[in-house]
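Trainee: what shape does this take:
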Amino acid sequence: MNKRLHALCDLAVSAVREYVGLHDDYDGRVQDLSLEGVRAGLARLGGPPLEDPLDDAYVTAHEHAMRVELGELELHRRNPLYHIGGLDLSCYDRDYAPAEQRAEARRGHLAAWPGAIDAAVGALDRVSAPVAQALLPVVRGLAADLDPADPLAEKALAAHARLVEHVEACARDGDPDASLGAANLDLLLSASEATEVDLGRLEEQADAERDRLRAMLADACQRLAPGRQLDQVVAELAADHPDADGVLAEAQASSTRWSPSWPRTIPTPTACSPRRRRSRPRRSPSPASATWCRAWTASAWSGRLRPRVAGPWR
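Mentor: Numbering: from 1, shown residues only. Prediction:
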């Protein structure tokens with residue numbers, strides 16, 4: 001791998017492992033998110049221009065975004081999600097490699113928990129109370145699949161307890177204001193998108209879009225339940241959904257009801273090439289730890305942490 005790309009991947013280990021598929025490079029590893037480790041990673045960014053100008057522009061933009069995100073703003077000191085992603089073991093439950101290989105990688109990853117958690121506790125010194133409160137269930141859920149009888153898990157669980165205690169303290173004693181501030185949010189958005197961002201214009205567009213969608217929602221609810229309060233109708237609709245086992249059946253029934261002309265069968269895997277079949281492993285129920293890590297948005301978006309211009313979002 002190109003040196004510049006490798007340096008970028010080293011600053012996003014959990015993401016490139018699970019979403020890019022670089023298991024050979026990053027399985028069993030936990031990113032060093034200590035203050036010193038992040039500074040060292042940022043120092044490795046950069047290098048000679050790439051041969052293709054477009055490739056070089058992409059890499060340069062990502063390097064700048066990393067320097068802003070982890071350097072100027074130091075979001076790994078404010079946002080436990082960086083550390084939660086680094087500790088998450090659920091990626092090894094997917095069938096991307098033989099079970100023995102994944103189990104060995106998982107053991108190596110779990111063995112690194114104590115050091116990684118010490119780094120997390122040392123780094124997370126700017127976590128606001130609202131962010132800690134929203135993410136505390138997720139931090140607790142990281143250990144949902146660990147067996148206390150496993151000697152390796154015993155050390156990991158002791159470290160995990162320290163992390164939970166730290167986030168609990170942030171939830172109790174942290175700054176009640178979770179905002180980044182307009183200037184920092186402008187900087188973060190501009191770097192992330194590699195373009196200049198006008199927060200005032202974005203606010204205007206967001207307000208207009210919210211009003212448009214709310215008017216559509218109100219009209220639909222009045223046609224569905226004339227004379228009823230909008231919030232009541234929405235709450236009833238949101239509560240009317242199947243459980244996890246009934247989602248597929250409900251989706252199939254709905255698609256048949258809405259579009260009778262659609263095909264009623266789904267192509268079997270044999271219709272796909274062998275390469276395609278290998279790249280799309282069989283789906284299986286999510287492990288308990290993944291359920292917590294993927295569900296963090298529900299707690300964050302349903303309560304106090306509603307998005308606002310000066311919010312803490314990545």
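Trainee: OK, contacts around residue 184?
Mentor: By CB atoms under 8 Å, 6 or more residues apart in numbering, the contact set of residue 184 is residue 73. No exception for glycine: its C-beta is placed from N, CA and C like everyone else's.
Trainee: list the buried ones in stretch 213-226?
Mentor: residue 221 (16 or more other CB atoms under 10 Å).
Trainee: what about residue 10, distance to residue 38?
Mentor: Applying CB to CB, to the nearest Å, the value for residue 10 to residue 38 is 10 Å.
Trainee: list the residues that contact both of these two?
Mentor: Shared contacts of residue 10 and residue 38 (CB under 8 Å, 6+ apart): none.
Trainee: so between those two, which is more surrounded?
Mentor: The neighbour count for residue 10 versus residue 38, taken as other CB atoms under 10 Å, is higher for residue 38 (22 against 19).
Trainee: give me phi/psi at that one?
Mentor: Torsion angles at residue 38 (phi, psi; degrees, to the nearest 10) stand at phi -70, psi -40.
Trainee: got the contact list for it?
Mentor: Going by CB under 8 Å, 6+ apart, residue 38 touches 11, 32, 70, 74, 76, 123.
Trainee: any of the residues you listed buried? List them.
Mentor: Buried, going by 16+ other CB under 10 Å: 11, 32, 70, 74, 76, 123, out of these.
Trainee: closest one of those to residue 58?
Mentor: Using CB to CB, the shortest approach to residue 58 within these belongs to residue 11, at 15.4 Å.
Trainee: let's verify residue 45: helix, strand, or coil?
Mentor: coil (DSSP: H, G, I helix; E, B strand; the rest coil).
Trainee: find the nearest non-adjacent residue to it, please.
Mentor: Leaving aside its sequence neighbours, residue 45 sits nearest to residue 63 (CB to CB, 6 or more residues apart in numbering; 4.7 Å).
Trainee: where does pLDDT dip in the stretch 151-300 of the chain?
Mentor: 257-300 (pLDDT under 70).
Trainee: any chance you could map the helices in it?
Mentor: For the stretch 151-300 of the chain, helices defined by DSSP state H, counting those that start in this stretch occupy the ranges 151-173, 182-193, 199-224, 230-239, 247-258, 274-279, 288-294, 296-302.
Trainee: which among those helices is found nearest to residue 15?
Mentor: The minimum distance between residue 15 and the helices of the stretch 151-300 of the chain falls on helix 288-294, with 12.9 Å, by CB to CB.
Trainee: the closest residue to residue 118 other than its chain neighbours: what's it in contact with?
Mentor: Distance criterion CB to CB, 6+ apart; nearest residue to residue 118, sequence neighbours excluded, is residue 159 at 7.2 Å. The contact partners of residue 159, by CB under 8 Å, 6+ apart, come to 113, 114, 117, 118.
Trainee: inside helices: which ones of these?
Mentor: Among the contacts of residue 159, DSSP state H puts 113, 114, 117, 118 in helices.
Trainee: most neighbours, which of the residues you listed?
Mentor: That'd be residue 113 among the ones in helices among the contacts of residue 159, by other CB under 10 Å, with 26 neighbours.
Trainee: surely that one touches residue 160?
Mentor: Yes - using CB atoms under 8 Å, residue 113 is in contact with residue 160, at 6.9 Å.
Trainee: just give me how far stretch 98-109 sits from the chain centre.
Mentor: On the basis of CA atoms, centre = their mean, to the nearest Å, stretch 98-109 sits 22 Å off its chain's mean C-alpha point.
Trainee: could you do stretch 65-85 as well?
Mentor: Per CA atoms, centre = their mean, the centroid offset for stretch 65-85 relative to its chain is 13 Å.
Trainee: got it, and stretch 33-47?
Mentor: 21 Å.
Trainee: avg pLDDT for that stretch?
Mentor: For stretch 33-47, mean pLDDT rounds to 97.
Trainee: buried stuff in stretch 148-161?
Mentor: Buried, per 16+ other CB under 10 Å, within stretch 148-161: 153, 156, 157, 159, 160.
Trainee: just the closest of those residues to residue 176, please.
Mentor: Taking CB to CB as the measure, residue 176 lies nearest residue 160 of the buried residues of stretch 148-161, at 26.4 Å.
Trainee: pull the number of nearby residues for the residue nearest to the closest one when sequence neighbours are not counted.
Mentor: Excluding its sequence neighbours, the residue lying closest to residue 160 (CB to CB, 6+ apart) is residue 143, at 4.7 Å. Residue 143 has 22 neighbouring residues, counting by other CB under 10 Å.
Trainee: so residue 143, which of the three states?
Mentor: Of the three states, residue 143 takes coil under three-state DSSP.
Trainee: I figured it was touching residue 154, is that so?
Mentor: No - using CB under 8 Å, residue 143 makes no contact with residue 154, being 11.3 Å away.
Trainee: how about stretch 219-239 as PDB, C-alpha atoms only?
Mentor: Listed in PDB are the C-alpha atoms of stretch 219-239, where the atom choice follows Å, rounded to 0.1, in the frame of the first residue of the first chain:
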ATOM      1  CA  ASP A 219     -50.800  16.800   5.300                       C
ATOM      2  CA  ALA A 220     -50.300  13.000   5.200                       C
ATOM      3  CA  CYS A 221     -51.300  12.600   8.800                       C
ATOM      4  CA  GLN A 222     -54.500  14.700   8.300                       C
ATOM      5  CA  ARG A 223     -55.500  12.500   5.400                       C
ATOM      6  CA  LEU A 224     -54.700   9.400   7.400                       C
ATOM      7  CA  ALA A 225     -56.400  10.500  10.700                       C
ATOM      8  CA  PRO A 226     -58.400  13.700  10.100                       C
ATOM      9  CA  GLY A 227     -58.700  16.000  13.200                       C
ATOM     10  CA  ARG A 228     -56.000  14.200  15.200                       C
ATOM     11  CA  GLN A 229     -52.900  15.900  16.600                       C
ATOM     12  CA  LEU A 230     -49.800  15.400  14.500                       C
ATOM     13  CA  ASP A 231     -47.600  14.200  17.400                       C
ATOM     14  CA  GLN A 232     -50.100  11.600  18.400                       C
ATOM     15  CA  VAL A 233     -50.500  10.200  14.900                       C
ATOM     16  CA  VAL A 234     -46.700  10.000  14.400                       C
ATOM     17  CA  ALA A 235     -46.200   8.300  17.800                       C
ATOM     18  CA  GLU A 236     -48.800   5.700  16.900                       C
ATOM     19  CA  LEU A 237     -47.200   5.100  13.500                       C
ATOM     20  CA  ALA A 238     -43.700   4.800  15.000                       C
ATOM     21  CA  ALA A 239     -44.900   2.200  17.500                       C
END
